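Engineer: for reference, the sequence and a predicted model appear below.
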Amino acid sequence: MALLSWTHASTVGVKAMDDQHGILMDAMNELRLTLMNGSGHEQTSARLEQLIDFTRKHFQSEERLLEQQDFPGLSEHRAAHARFLVQIRQAVDRAGRGEETGSVPLISRLRALYLEHIEEFDRGYGQWLNDRGVY
């Protein structure tokens, strides 16, 4: 499983959000390395919880920015964030129960969730914010 890397498709055009997305990708890569190195359950759980915690904080920051700018899709964005957090928790719980054996299925699932959200959903607010002078 390759490391997550920053691509043009991952850029939303708002520095604070792009920086946070980069940190999320770094956290995902750290989790990947922890899993690939065969670290124990305790260390893996700690990395997963860090990822979930930072994701929650990022979503709060993003929603606050969208609220400040009266983004018309804010309620849909909040709902997508809530669904996203549920999906992450479900993936982590499935892995914890051994339903997804090995590290690759978990990392693949989380990677797909993050990239899909950033590249398909978050990019929708980038131009809208840029048009209002937020970069």
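Structural biologist: Right, received. Where do you want to start?
Engineer: CA atoms of the worst-scoring helix or strand of the chain on mean pLDDT as CSV?
Structural biologist: When the helices and strands of the chain are compared on mean pLDDT, DSSP states H and E, helix 103-116 comes out lowest with a mean of 85. Only the C-alpha atoms of helix 103-116 are listed here, as CSV (Å, rounded to 0.1, in the frame of the first residue of the first chain):
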residue,chain,number,x,y,z
SER,A,103,-3.6,-3.8,7.7
VAL,A,104,-4.2,-3.4,4.0
PRO,A,105,-8.0,-3.6,4.0
LEU,A,106,-8.2,-1.0,6.8
ILE,A,107,-5.8,1.4,5.3
SER,A,108,-7.4,1.0,1.8
ARG,A,109,-10.8,1.7,3.3
LEU,A,110,-9.7,4.8,5.2
ARG,A,111,-7.6,6.1,2.3
ALA,A,112,-10.7,5.8,0.0
LEU,A,113,-12.9,7.6,2.5
TYR,A,114,-10.5,10.5,3.0
LEU,A,115,-9.6,11.0,-0.7
GLU,A,116,-13.2,10.8,-1.8
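Engineer: same question for it: list its buried residues.
Structural biologist: Neighbour counts over helix 103-116 (16 or more other Cβ atoms under 10 Å) mark 103, 106-107, 109-111, 113-115 as buried. For glycine as for every other residue, the C-beta is placed from the backbone atoms N, C-alpha and C.
Engineer: which strands and helices sit next to that helix?
Structural biologist: Where contact means 3 or more Cβ pairs under 8 Å, 6 or more residues apart in numbering; DSSP states H and E, helix 103-116 is packed against helix 15-36, helix 74-96.
Engineer: hmm, who's touching the longest one?
Structural biologist: Going back to what we said before, that points to helix 74-96. Residues from elsewhere that reach helix 74-96, judged by Cβ atoms under 8 Å, 6 or more residues apart in numbering: 45, 48, 51-52, 55-56, 59, 62-63, 66-67, 71, 100, 105-106, 109-110, 113, 117, 121, 125.
Engineer: most packed of the helices and strands packed on helix 103-116?
Structural biologist: Most buried of these, by mean neighbour count (mean count of other Cβ atoms under 10 Å): helix 15-36, with a mean of 17.
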